[in-house]
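Participant: okay, predicted coordinates and the sequence, questions at the end:
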Amino acid sequence: MENSLLFKTIKLANHDGFTLIEILVVLFVLSLLSLSVTTVTQLNKITHFQHKKQLELEIIQTQLIAIATHKKSVLPFNVANQPIYFNEFGNINQAISGYIPKYNAYVVFYLGFGRYEIK
């Protein structure tokens with residue numbers, strides 16, 4: 001009889017698993033961390049998209065000013081330390097590519113018809 005009583009007390013004192021509340025707390029903390037990481041990456045994508053759109057608007061505006069005034073129009077930024085301008089027909093003066101730190105973007109200007117690509 002004594003052995004069975006001792007076995008029951010040992011069995012009751014042995015807690016090998018986690019309680020439901022402990023598991024829920026861990027899952028809650030992990031979900032908060034994953035949400036914060038996702039939010040930060042989405043904010044970075046949004047700001048990069050906004051910089052890209054602002055750069056695109058400045059290029060288009062400069063090209064339209066050159067076409068409307070029938071004069072050369074210089075972009076408000078340099079690419080590879082060289083000024084870039086559009087002629088009176090809206091064409092770019094040279095094919096060039098480079099990183100623009102102000103907009104955190106890499107831009108490629110193709111020769112002819114004012115084509116460009118923002119990366």
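Facilitator: That came through fine.
Participant: every contact and neighbour count from this point should use C-alpha atoms.
Facilitator: Noted.
Participant: and Lys102, how far from Val26?
Facilitator: According to C-alpha to C-alpha, to the nearest Å, Lys102 stands 42 Å off from Val26.
Participant: revised request: answer the last question for Thr62.
Facilitator: Distance of Thr62 to Val26, computed by C-alpha to C-alpha: 55 Å.
Participant: more neighbours: which of these two?
Facilitator: With neighbours defined as other C-alpha atoms under 10 Å, Thr62 and Val26 compare such that Thr62 has more, 19 against 10.
Participant: next SSE after the helix or strand hosting Gln54?
Facilitator: Counting by DSSP states H and E, the element that carries Gln54 is helix 20-69. Downstream of helix 20-69, the first helix or strand assigned by DSSP H and E is strand 73-79.
Participant: restrict that following strand to CA atoms and write it as CSV.
Facilitator: Taking C-alpha atoms only, strand 73-79 is exported to CSV below (Å, rounded to 0.1, in the frame of the first residue of the first chain):
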residue,chain,number,x,y,z
SER,A,73,15.4,71.4,-70.1
VAL,A,74,17.8,70.1,-67.5
LEU,A,75,16.8,67.4,-64.9
PRO,A,76,17.0,68.7,-61.3
PHE,A,77,19.6,65.9,-60.5
ASN,A,78,22.8,64.6,-62.0
VAL,A,79,23.4,61.0,-63.1
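Participant: what about the residue nearest to the spatial centre of the chain, distance to Lys52?
Facilitator: Of all residues in the chain, the one closest to the mean position by C-alpha atoms, centre = their mean is Lys45, 2.7 Å from it. Lys45 is 10 Å from Lys52, where distance means C-alpha to C-alpha.
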